[in-house]
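Enquirer: pasting the sequence and the predicted coordinates here, then a few questions.
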Amino acid sequence: MQRTIKYLAYTLLTAVLLTSCGNGESLQRYYVDHQEAKNFISQDIPLSMMEIDKSNFTEEQNEAYNSVDKLNFLGYKTSETDTETFKVELAKVKTILGDSKYNDLMEFSDKGNKISVKYIGTDDEADEVIVFGSAKDMGFGIVRILGNDMSPDKMVTLISALQSANIDEAQIENIMNFFK
């Protein structure tokens, strides 16, 4: 009887340990693991600290802008000597973003650069929005958009507005210089 109880206890303990230790890579873990790695740059940008000309924003665009708290940026700069590393890191990110918890929002290309926007959440409320862009000659960048009361529709509106907005590039100069 005592042996049976021990066996059940060990089986239960093993089952709990195996189910609680998920090996699945998450985007957050990828950020943490790579924020100080070679060829990577990481920066947290509070949206309130950025000077963006919102004078031409509609009420809907302002609402979308105000729902965002901060941006987490992680970038990888490629060079001629590390194309294999670039391919490996790019594949890791694509695998993570290929998970079914990431819903596709929009995708577009601009001058050979591929950009995709995904979100975690429902059609009514996004917990997190991810903008992922890559270019063979520069590298890739991931922006996690975090906030409150975000919705996928609002984020599409906001991204469209930001594409034509006047943004002071001095605020993101470190990131721009990294990719030069």
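Expert: Thanks, I have it. Numbers count the residues shown, from 1 in each chain.
Enquirer: in stretch 150-161, what's buried?
Expert: Buried residues in stretch 150-161, defined by neighbour count with 16 or more other C-beta atoms under 10 Å: 150, 151, 152, 154, 155, 156, 157, 158, 159, 161. The C-beta positions use only the backbone N, C-alpha and C, and glycine is treated the same way.
Enquirer: which of those lies closest to residue 98?
Expert: Lowest distance from residue 98 to these (C-beta to C-beta) belongs to residue 152, with 18.3 Å.
Enquirer: surely that closest one touches residue 102?
Expert: No. Assessed by C-beta atoms under 8 Å, residue 152 is found out of contact with residue 102, at 11.8 Å.
Enquirer: name the residues contacting each of the two.
Expert: Counting by C-beta atoms under 8 Å, 6 or more residues apart in numbering, the contacts common to residue 152 and residue 102 are residue 119.
Enquirer: looking at this structure, which helix or strand does the model trust least?
Expert: Across the helices and strands of the chain, mean pLDDT, DSSP states H and E gives its lowest value to helix 2-20, namely a mean of 43.
Enquirer: distance between the longest strand anywhere in the chain and the chain's centre?
Expert: Longest strand in the chain by number of residues (criterion: DSSP state E): strand 139-150. Computed by C-alpha atoms, centre = their mean, to the nearest Å, the chain-centroid distance of strand 139-150 equals 5 Å.
Enquirer: now that strand: buried residues?
Expert: 139, 140, 141, 142, 143, 144, 145, 146, 147, 150.
Enquirer: one more: stretch 44-57?
Expert: So stretch 44-57, judged by 16+ other C-beta under 10 Å, has buried residues 47, 57.
Enquirer: my read: residue 136 touches residue 78, true?
Expert: Yes. Counting by C-beta under 8 Å, residue 136 touches residue 78, with 7.4 Å between them.
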